[in-house]
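Undergrad: predicted model, plus sequence, below.
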Amino acid sequence: MTGVQHPVIRTPDQRIRVFVSSTLRELADERRAVRGAIERMRLAPVMFELGARPHPPRELYRSYLAQSDVFVGIYGDSYGWVAPDEEISGLEDEYNLAPRTMPKLIYIKASQERDERLSELIGRIQSDDTAAYLHFRSAEDLEDQVASDLAMLLAERFDESRAALEPDPETAASALVARVPVPYTTTIGRDDDVARVRDLLARGTDRVVSLIGPGGIGKSRLAIETALATEDLFPDGTYFVLLEGVLEPGLLLPTIAYTLGIRDNGEAELEQRISHALADRRVLVVLDNFEQIVDAAPVLVRLYTVAPTAAFLVTSRIVLRIRGERVYEVPALHAPPGTAPASLDPATRTPAVALFVDRAQAVKPGFDVTEDNAADLAAICRRLEGLPLAIELAAAKVRILTPAGIAERLEQSLPLLTAAVRDLPERHRTMRATIDWSVSLLPEWQRELLEDLGVFATRFTLDAVEAIGVGRPWEGQEIDGLAALVDGSLVKQTEVGGRAVFSLLAIVREYALGRLKARGEADRVRAAHADYYFGLVRRVAPDLGGPKQAEAVVQLGLELPNLRAAVRHLVYTDRLDDAGDFAWSLLIYWWISGFFAEVRVWMLELLEKQHDQPITQHTRAVAWFLALWGEMWQHPSEQVVAGLGECVRLFTESGDEDAAAMALAARATARVQLTDPKAAKAEKELRKAVTKLRELGNGWAEAITEVSLGRLAWVRGATDDALVHFDRAREIASSRGDLFTTSVAGNLWSRLSFQLGHLDEAEDEFVRTLLISVRLHYEEGVAYGLEGVCGVAAARGDAWRAAALAVAAGVIRRRIGIFDAEAFTVHTPYLEILRGRDPESVAAGEAAGADLPVADAVLLALPPEHHAEVEEALRRW
């Protein structure tokens with residue numbers, strides 16, 4: 001739209017990534033120093049926290065290196081262990097796998113006792129014209145040296161980039177792929193299935209396509225590949241909704257809303273907002289692991305009824321049995337028929353054998369089908385019934401067993417193991433037995449580690465594992481244990497924000513948790529899990545109202561599945577007071593991220609249990625407050641007002657004046673929503689709450705209450721008072737570094753100023769709040785900012801620009817399901833005047849705005865002097 005193309009600019013979530021290679025224990029201090037240097041430069045360290053290990057999973061190294069921009073090698077005395085059947089150590093393997101085009105900075109520690117093979121490697125590096133090598137003596141020297149060298153390298157690359165070619169024009173259209181999980185490994189044998197499912201979606205006659213099959217058959221992988229293969233069918237986007245950690249049917253809508261970017265602030269029914277967001281949009285919504293909440297399936301019928309152009313792709317072990325569902329039974333991979341051996345020719349291998357070979361090569365380079373092992377490989381794939389996950393688990397064992405050894409053990413073990421689980425369907429039995437067999441090859445302490453990991457929801461960090469390991473048999477062996485489980489394909493490892501994170505596939509987690517329960521230790525480990533995340537909440541929550549707000553919200557968002565699991569455990573085990581404290585500590589997070597419907601589910605469950613398990617008055621007040629928040633907006637009544645009044649009493653009697661003042665402000669807000677609003681009484685209560693909150697130093701709640709006073713004054717026609725309240729809210733929030741509330745208050749102040757004719761002041765504040773919203777990736781705020789600048793442009797007669805911004809803002813509104821009270825919509829009257837005066841320019845602007853990407857719309861709205869400061873942030877849109 002701007003007519004200007006720019007070189008790719010890194011954003012905070014696309015920082016330059018620096019891969020760090022070294023031995024782990026020998027150079028632990030040096031690794032910490034290098035991480036410090038990288039983070040000082042605001043770059044992202046990519047550190048394989050399990051170290052250079054005896055049996056490196058080469059596909060994982062390749063994945064890490066493929067996502068990295070710079071290679072840093074730190075070498076001391078040790079070459080590292082060379083595993084059986086390997087020719088080089090993991091340390092040398094990492095160097096060999098680094099692309100030749102990747103800049104390499106090599107740091108060699110002064111030594112008189114260096115391993116001969118490491119000396120040979122260093123000699124080879126010194127002759128490599130793509131690597132720069134330097135010597136160092138201490139970790140302290142190394143940190144400064146690495147920081148300095150990275151700064152010089154970046155300066156050189158920046159100079160080179162000035163002459164760079166234009167970026168790939170498809171980069172801006174990569175939002176679809178960014179929303180779909182990236183597979184850990186290559187997908188094999190699913191081309192025909194992808195084509196068939198694509199055809200079902202392309203027909204448009206089936207509203208829900210369900211991929212049905214047992215755990216481990218590859219439903220999620222097929223869904224991912226289908227999502228990637230149908231981009232052209234769904235021009236308005238694909239949303240991949242992970243339901244793995246969602247166990248309550250009532251959490252389906254909040255989880256969909258979160259994925260769509262909809263904030264549930266309680267002001268409208270969530271189903272209504274999702275319907276609004278999906279209406280008339282050709283989107284694909286993928287719902288992965290639906291079997292856990294199959295009772296919520298009728299919700300999909302309601303959604304597709306009001307959003308007929310949206311399609312739903314579901315993975316589930318069981319059929320949903322709803323109208324409009326088309327079932328696709330996901331087949332197993334074809335294995336060699338009868339007693340035929342595996343083909344020696346890659347072009348004629350069955351998919352099952354091809355998958356085994358591919359995964360085996362990841363742990364044992366050079367592995368292939370030979371005349372000696374062809375019959376055994378075919379037998380393995382037939383015995384495992386072509387189940388992809390079972391084949392992967394078996395392939396991981398080629399490091400320690402021959403194909404003949406694997407086939408023999410499967411022949412002996414699987415019949416016995418499947419006989420023990422006759423209550424499961426056939427392929428479920430085979431998959432469960434294969435996991436059991438794979439786990440049986442581990443030492444006992446590693447088996448117990450895997451079972452304990454079953455308490456985590458989706459991903460988790462090494463810190464979290466260490467926290468739950470206190471007193472466990474594997475305490476102190478977390479790194480080695482995780483390494484073994486990663487090598488055995490039982491745990492997956494990836495990197496998020498420069499940190500290693502781990503995960504279990506859903507069926508492996510289910511297996512692990514089942515074993516933990518059978519040992520009678522599930523509650524103990526879950527309690528340790530809940531305690532760790534409760535502690536995390538207590539550490540992070542204080543940052544939510546201040547200058548570290550954005551970072552805190554991101555951190556909590558990454559941990560959301562485990563936060564759900566923790567509060568669920570607290571409620572389930574009758575630690576109701578802890579659950580109340582947990583939920584109350586995150587009040588600001590629920591408000592910023594929009595999770596009130598989700599929290600309401602937990603709080604109602606807590607209140608149901610209070611009859612059998614005593615709770616404090618404070619906990620009762622917290623539960624009622626959070627349960628009534630949405631009711632206050634969506635179903636206002638005297639009963640809701642009375643309920644919030646009870647919260648005021650309970651908080652007061654429990655000694656929490658701060659919470660009592662917030663409940664008083666909420667009760668006043670509820671009064672305003674009534675059919676016969678009690679505005680005067682509401683204003684009195686809001687003023688009383690503001691005074692108390694100011695006395696107590698709760699700046700966040702004070703600012704929010706000032707916003708409520710301003711909205712009330714505006715509706716009542718007291719515009720001068722409203723401006724004062726909005727301005728006071730801006731001042732309080734800004735002084736605390738609370739960008740989110742600053743944006744909310746600033747937007748309302750500028751809207752009202754514009755309505756009163758103060759165009760210049762309004763424009764300045766619209767621009768300010770738009771800049772803040774872009775920084776926060778707060779789409780609702782961006783829409784408001786675009787509309788504000790649209791109003792100013794329309795008032796000044798700039799018809800084309802005003803119309804383009806209005807439509808661009810409307811596109812965002814519809815996509816995230818937001819709508820406004822008429823009293824606070826100020827830009828449309830001026831635009832309608834222009835429509836009568838200059839219809840051609842308005843029509844042209846509206847046509848352009850419909851196709852305007854968010855980034856271009858923001859640049860169109862902002863004065864040119866502000867473009868440079870937002871270009872990096874806009875790369876995320």
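TA: Received, thanks.
Undergrad: how about Val792, nearest residue that isn't a chain neighbour?
TA: Spatial nearest neighbour of Val792, chain neighbours left out: Glu763 (4.6 Å); criterion: CB to CB, 6 or more residues apart in numbering. Every residue, glycine included, has its C-beta placed from N, CA and C.
Undergrad: could you do Ala484 as well?
TA: Beyond its immediate neighbours in the sequence, the residue positioned closest to Ala484 (CB to CB, 6+ apart) is Gln446, lying 5.4 Å away.
Undergrad: against Ser78, how distant is that neighbour?
TA: Using CB to CB, to the nearest Å, one obtains 24 Å as the distance from Gln446 to Ser78.
Undergrad: ignoring the adjacent residues along the chain, who's closest to Leu485?
TA: Leaving aside its chain neighbours, Leu485 sits nearest to Val491 (3.9 Å; criterion: CB to CB, 6+ apart).
Undergrad: one more: Ala844?
TA: Trp800 (5.8 Å).
Undergrad: read off the pLDDT value for the most centrally placed residue in the chain.
TA: The residue lying closest to the centre of the chain (CA atoms, centre = their mean) is Leu558, at 5.4 Å. At Leu558, the pLDDT value in this model is 85.
Undergrad: re earlier: the residue nearest to Ala484: what's it in contact with?
TA: Contacts for Gln446 (CB atoms under 8 Å, 6 or more residues apart in numbering) come out as 474, 481, 484-485.
Undergrad: cool, Ala404 as well?
TA: Counting by CB under 8 Å, 6+ apart, Ala404 makes contact with 373, 376.
Undergrad: quick one: it is in a strand?
TA: No. Using DSSP: H, G, I helix; E, B strand; the rest coil, the assignment for Ala404 is helix, not a strand.
Undergrad: let me know the next secondary structure element after the one helix or strand Ile108 maps to.
TA: Using DSSP states H and E, Ile108 maps to strand 104-109. Sequence-wise, the next helix or strand downstream of strand 104-109 (DSSP H and E) is helix 116-126.
Undergrad: buried stuff in that following helix?
TA: If you call a residue buried by 16 or more other CB atoms under 10 Å, then helix 116-126 has these buried ones: 117-118, 121-122, 125.
Undergrad: can you add distance to Leu153 and pLDDT and give those residues back as CSV?
TA: Formatted as CSV, the buried residues of helix 116-126 follow (distance: CB to CB, whole Å; pLDDT from 0 to 100):
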residue, distance to Leu153, pLDDT
Arg117, 28, 89
Leu118, 24, 91
Leu121, 22, 90
Ile122, 20, 88
Ile125, 17, 85
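Undergrad: out of those, which one sits closest to Asp236?
TA: Nearest to Asp236 among the buried residues of helix 116-126, counting by CB to CB, is Ile125 at 49.8 Å.
Undergrad: so how far is Gln412 from the closest one?
TA: Between Ile125 and Gln412 the computed distance is 48 Å (CB to CB).
Undergrad: for Ala861, same thing?
TA: Ala861 sits 70 Å away from Gln412, going by CB to CB.
Undergrad: the closest residue to Val470 other than its chain neighbours: what's it in contact with?
TA: Closest residue to Val470 apart from its sequence neighbours, by CB to CB, 6+ apart: Ala528 at 7.0 Å. Taking CB under 8 Å, 6+ apart, we find Ala528 in contact with 467-468, 470.
Undergrad: rewinding a little: farthest-apart pair in the buried residues of helix 116-126, please.
TA: For the buried residues of helix 116-126, the farthest-apart pair by CB to CB is Arg117 and Ile125; their separation is 12.8 Å.
Undergrad: got the domain ranges for the protein?
TA: Domain assignment for the chain by automatic domain parsing gives 12-161, 172-329, 346-440, 442-519, 585-738, 746-874.
Undergrad: among those, which is nearest Val567?
TA: Val567 lies closest, by CB to CB, to one member of these: domain 585-738, at 5.5 Å.
Undergrad: that closest one - what's its average pLDDT?
TA: What domain 585-738 shows for mean pLDDT is 93.
Undergrad: helices of the stretch 601-750 of the chain, start to end?
TA: 617-634, 638-653, 657-673, 679-696, 699-715, 719-736, 739-755 (DSSP state H, counting those that start in this stretch).
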